[in-house]
Each structure stands twice: as structure tokens, then as C-alpha cells.
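*Asks:* Below are the sequence and a predicted model; questions follow.
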Amino acid sequence: MVPVQAKGGSDKHGIVQSQQDIACCKQKFPELICRAVSAQFMDKDIIALFELAVMEGAVKVVDEKHYQLVPAASISPEELRLYTTFPE
């Protein structure tokens with residue numbers, strides 16, 4: 001289960017909303033693993049993705065990655081091939 005929040009510009013992510021998303025997943029889908037994600041649009045073509053989890057009663061960032069958004073035509077066939085493989 002992947003609940004996602006997205007914010008842009010000066011909008012900030014809310015801790016309460018993240019807690020509610022995670023609690024809703026656990027209540028409605030207790031057999032699934034919840035992997036809460038927040039997306040923050042930073043610059044024109046840059047997006048930050050955060051994986052969130054509740055630890056010791058607080059929402060914490062488990063992982064953070066930044067990505068540059070590019071037109072599909074600028075991605076080479078070799079890059080596409082790499083995106084279809086999983087790291088060992």
C-alpha cells in the first residue's frame with residue numbers, strides 16, 4: 001500500500017496528514033505493508049521523494065531521493081534498459 005502526498009512551491013507536508021494516511025492503511029489493509037511517500041516539487045524540473053514511517057510515535061523520513069524530470073525523448077534506449085533491471 002503506497003499512500004502519496006504531493007506538495008509544490010511553499011506548501012509544506014503535514015505530520016498529521018501523514019499519520020492519518022499510515023493509520024488508514026493499517027486499519028483498512030492490515031495484511032499489507034504501508035510505504036508512505038511524500039513528493040515535494042522543488043525547482044522547475046526537480047522533485048524530492050520521501051519515504052515516511054511512524055517510529056516511536058513520530059513520523060520520520062526513512063529515505064530521501066531527488067530526481068530531475070526530463071522529456072521522454074531525452075532518455076536513451078540504454079537508460080531505459082537499465083531502468084528495467086533491479087540492482088543486485
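*Replies:* Looks like it arrived, so ask away. This is a predicted model, so every value here is computed, not measured. Residues are numbered from 1 along each chain as shown.
*Asks:* and residue 59, that one's in a strand?
*Replies:* Yes: using DSSP: H, G, I helix; E, B strand; the rest coil, the assignment for residue 59 is a strand.
*Asks:* Let me know whether it touches residue 13 as I believe.
*Replies:* No: if you go by C-beta atoms under 8 Å, residue 59 and residue 13 don't touch, sitting 9.0 Å apart. Placement of C-beta: from N, CA and C, glycine included.
*Asks:* Show me what counts as buried in the helix or strand harbouring residue 20.
*Replies:* Here residue 20, judged by DSSP states H and E, is contained in helix 15-28. Across helix 15-28, burial judged by 16 or more other C-beta atoms under 10 Å covers 18-19, 21-22, 25.
*Asks:* So residue 13 is in contact with residue 19, correct?
*Replies:* No: using C-beta under 8 Å, residue 13 makes no contact with residue 19, being 11.3 Å away.
*Asks:* Helices of this structure, residue ranges please.
*Replies:* 15-28, 77-83 (DSSP state H).
*Asks:* Dump the ones you listed to a markdown table, plus mean pLDDT and distance to residue 42.
*Replies:* Listed next are those as a markdown table, based on pLDDT from 0 to 100; distance: least, C-beta to C-beta, whole Å:
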| stretch | mean pLDDT | distance to residue 42 |
| --- | --- | --- |
| helix 15-28 | 90 | 19 |
| helix 77-83 | 89 | 22 |
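*Asks:* how about a markdown table for those, with distance to residue 4 added?
*Replies:* What follows is the helices of the chain, written out as a markdown table (distance: least, C-beta to C-beta, whole Å):
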| stretch | distance to residue 4 |
| --- | --- |
| helix 15-28 | 9 |
| helix 77-83 | 20 |
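*Asks:* so what's the residue nearest the centre of the chain up against?
*Replies:* For the chain, residue 37 is the residue whose C-alpha lies nearest the centre (C-alpha atoms, centre = their mean; 3.2 Å). The contact partners of residue 37, by C-beta atoms under 8 Å, 6 or more residues apart in numbering, come to 2-5, 49-52.
*Asks:* Show me what it bridges to in the sheet.
*Replies:* Assessed by DSSP bridges, residue 37 has beta-bridge partners residue 4, residue 51.
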